[in-house]
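*Asks:* need coordinates for the following:
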Amino acid sequence: MPDEQTTPEQGGTKSEEAPTADSSNEASASRRKPSSGRSLGWWAVCFVLVVLVLIIGGYGYLLYVNLNPDSGPDGFQVRRVASTASNYLSSDPSVTSAEATGAEANINGSSVTVDAHLKDGTSVEAAANLLASTRQKTLQQEPDYSGDFIISVSWTVNGSTIDVDVQCQRDSEAIRTDVKRALTPVGEAKTFTGSIDAYTKLTIDYGQVTALPTSLTQPSVPNSSKTFTMNGWKVTSTPKTDGQFSNPPFDQIITAAGQASPTGTIDLDGTTLSVTGLVTDENKGLTPEAAAPVVHAVADCQAAGLTTLKLNGKLQKGLSSDDLWITFVCNNGTWASKYDSPSPSDTEILNKAAEL
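*Replies:* Prediction:
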């Protein structure tokens with residue numbers, strides 16, 4: 001009997017163990033499925049990270065280029081402009097050397113500077129045509145460039161030494177016209193320095209002269225000045241905004257001023273004439289005897305193209321902001337005090353001038 005009872009129990013035990021093996025396989029399979037799910041998630045995370053890195057890197061590059069334009073497209077562009085201009089100039093037979101000396105892009109804008117030395121004796125017209133054609137050729141290849149474009153050109157012709165900067169970021173015909181106009185005194189003026197329609201004034205210097213330069217009143221570019229020294233007095237004449245010069249009798253002014261002092265300065269700025277150096281005694285200041293001859297020399301202020309006459313009333317130890325100026329204005333062709341109630345000295349100077 002015990003044996004008969006044992007057999008069914010053992011059989012029952014085996015029948016219970018079979019399903020246990022099946023459930024183990026199912027559990028193993030179920031454990032492998034999540035493993036596949038984590039793998040896809042990992043790749044998704046990697047993809048997102050790569051995208052984020054690219055986005056952040058892109059923004060970082062744009063920020064860097066905005067702060068340092070010379071390292072980006074603007075920098076490449078200015079270097080192309082400089083290279084094109086210098087190569088074009090170098091190919092011209094009248095050019096002895098041409099070199100790009102500046103090509104920079106920064107947060108304040110872009111600028112290109114090219115230095116060119118011409119063969120001595122090159123005519124003004126040939127130089128003007130060359131500068132205009134260089135501008136045209138260069139900006140045809142880089143039409144989107146809007147920064148500064150300056151050609152520094154130097155050479156000598158007919159006894160004049162020219163060393164000027166020419167702003168070429170404008171119409172070619174305007175360049176040609178302004179260069180020819182600015183260099184009209186070539187052959188009479190000694191030096192031309194500064195710039196033509198750029199950041200500094202063009203200075204035309206005749207040097208020491210014994211007679212007034214014949215080209216002194218010829219029109220020039222607006223931002224310019226003509227200067228010379230005659231009988232110890234240095235004269236500087238600056239045109240009006242249209243480039244036209246007033247025409248006061250400088251020789252007579254120099255003669256009149258020379259009665260008071262052997263040296264001094266005479267400055268014409270548009271329609272305002274300023275004279276410095278008439279005072280030789282600090283205690284006396286500007287005397288009627290020293291001032292009246294100068295006022296008399298330009299008595300017809302309308303004919304001289306003047307509106308204001310300023311006489312410095314201090315002994316010159318270098319101009320300063322506290323200088324004393326005696327000022328007269330042109331009123332119906334004659335000089336009058338600037339003030340409705342003129343000072344005794346103003347009246348005395350005008351009366352003395354009227355007696356001459």
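*Asks:* the strand of greatest length in the chain: what's the following helix or strand?
*Replies:* Across the chain, the strand with the greatest residue count (assigned by DSSP state E) is strand 95-106. Per DSSP states H and E, strand 95-106 leads on to strand 109-118 as the next helix or strand towards the C-terminus.
*Asks:* buried ones in the following helix or strand past that next one?
*Replies:* Read in the C-terminal direction, the helix or strand following strand 109-118 is helix 124-141, with elements assigned using DSSP H and E. When neighbours are counted by 16 or more other C-beta atoms under 10 Å, the buried residues of helix 124-141 are found to be 124, 127-135, 137-139. Every residue, glycine included, has its C-beta placed from N, CA and C.
*Asks:* give me the low-pLDDT residue ranges for the chain?
*Replies:* When residues are selected by pLDDT under 70, those of the chain lie in 1-38, 59-72, 198-199, 317-322.
*Asks:* what ranges do the helices span in it?
*Replies:* For the chain, the helices defined by DSSP state H occupy 2-67, 73-90, 124-141, 172-182, 250-258, 288-297, 301-304, 344-355.
*Asks:* where's stretch 196-207 relative to the chain centroid, distance-wise?
*Replies:* In this view, stretch 196-207 has its centroid 14 Å away from the chain centroid, taken as C-alpha atoms, centre = their mean, to the nearest Å.
*Asks:* could you do stretch 155-168 as well?
*Replies:* The chain centroid and the centroid of stretch 155-168 are separated by 19 Å under C-alpha atoms, centre = their mean.
*Asks:* what's the answer for stretch 136-152, then?
*Replies:* Its chain's C-alpha centre and that of stretch 136-152 lie 15 Å apart, by C-alpha atoms, centre = their mean.
*Asks:* stretch 329-337 too?
*Replies:* A distance of 38 Å separates the C-alpha centroid of stretch 329-337 from that of its chain, computed with C-alpha atoms, centre = their mean.
*Asks:* any buried residues in that stretch, and which?
*Replies:* Within stretch 329-337, the residues that count as buried by 16+ other C-beta under 10 Å are 330, 335, 337.
*Asks:* next one: stretch 91-98
*Replies:* With the criterion 16+ other C-beta under 10 Å, stretch 91-98 contains buried residues 92, 94-95, 98.
*Asks:* same question, stretch 114-122
*Replies:* 114-118, 122.
*Asks:* quick check: end-to-end length of that stretch?
*Replies:* Stretch 114-122 stretches 19 Å from its first residue to its last (C-alpha to C-alpha, to the nearest Å).
*Asks:* residues in contact with it: which ones?
*Replies:* Counting contacts by C-beta atoms under 8 Å, 6 or more residues apart in numbering, the residues outside stretch 114-122 that touch it are 82, 85-86, 89, 94-101, 127, 130, 150-157.
*Asks:* cool, stretch 209-221 as well?
*Replies:* Everything outside stretch 209-221 that qualifies as a contact, by C-beta under 8 Å, 6+ apart, is 178, 181-182, 184-185, 188-189, 196-197, 202, 204, 206, 226, 228-230, 237, 239, 242-245, 247, 250-251.
*Asks:* got the CA coordinates for it in PDB?
*Replies:* C-alpha atoms of stretch 209-221 as PDB (Å, rounded to 0.1, in the frame of the first residue of the first chain):
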ATOM      1  CA  VAL A 209      56.800 132.500 -51.700                       C
ATOM      2  CA  THR A 210      57.600 136.100 -52.700                       C
ATOM      3  CA  ALA A 211      54.400 136.700 -54.600                       C
ATOM      4  CA  LEU A 212      50.900 135.300 -54.200                       C
ATOM      5  CA  PRO A 213      50.400 131.800 -55.800                       C
ATOM      6  CA  THR A 214      48.400 132.200 -59.000                       C
ATOM      7  CA  SER A 215      46.300 129.100 -58.200                       C
ATOM      8  CA  LEU A 216      45.500 130.200 -54.600                       C
ATOM      9  CA  THR A 217      41.800 131.000 -55.400                       C
ATOM     10  CA  GLN A 218      41.200 128.100 -57.800                       C
ATOM     11  CA  PRO A 219      38.400 125.800 -56.500                       C
ATOM     12  CA  SER A 220      39.400 122.600 -54.600                       C
ATOM     13  CA  VAL A 221      37.700 119.800 -52.700                       C
END
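*Asks:* work out the gap between that stretch and the centre of the chain.
*Replies:* Stretch 209-221 sits 27 Å away from the centroid of its parent chain (C-alpha atoms, centre = their mean).
*Asks:* likewise for stretch 246-257?
*Replies:* Averaged C-alpha coordinates place stretch 246-257 at 34 Å from its chain's average position (C-alpha atoms, centre = their mean).
*Asks:* buried residues in that stretch?
*Replies:* Applying a neighbour-count criterion of 16+ other C-beta under 10 Å, one finds 246, 248, 250, 253-257 buried in stretch 246-257.
*Asks:* same check on stretch 337-356?
*Replies:* Going by neighbour count (16+ other C-beta under 10 Å), the buried part of stretch 337-356 is 337, 345-346, 349-350, 352-353.
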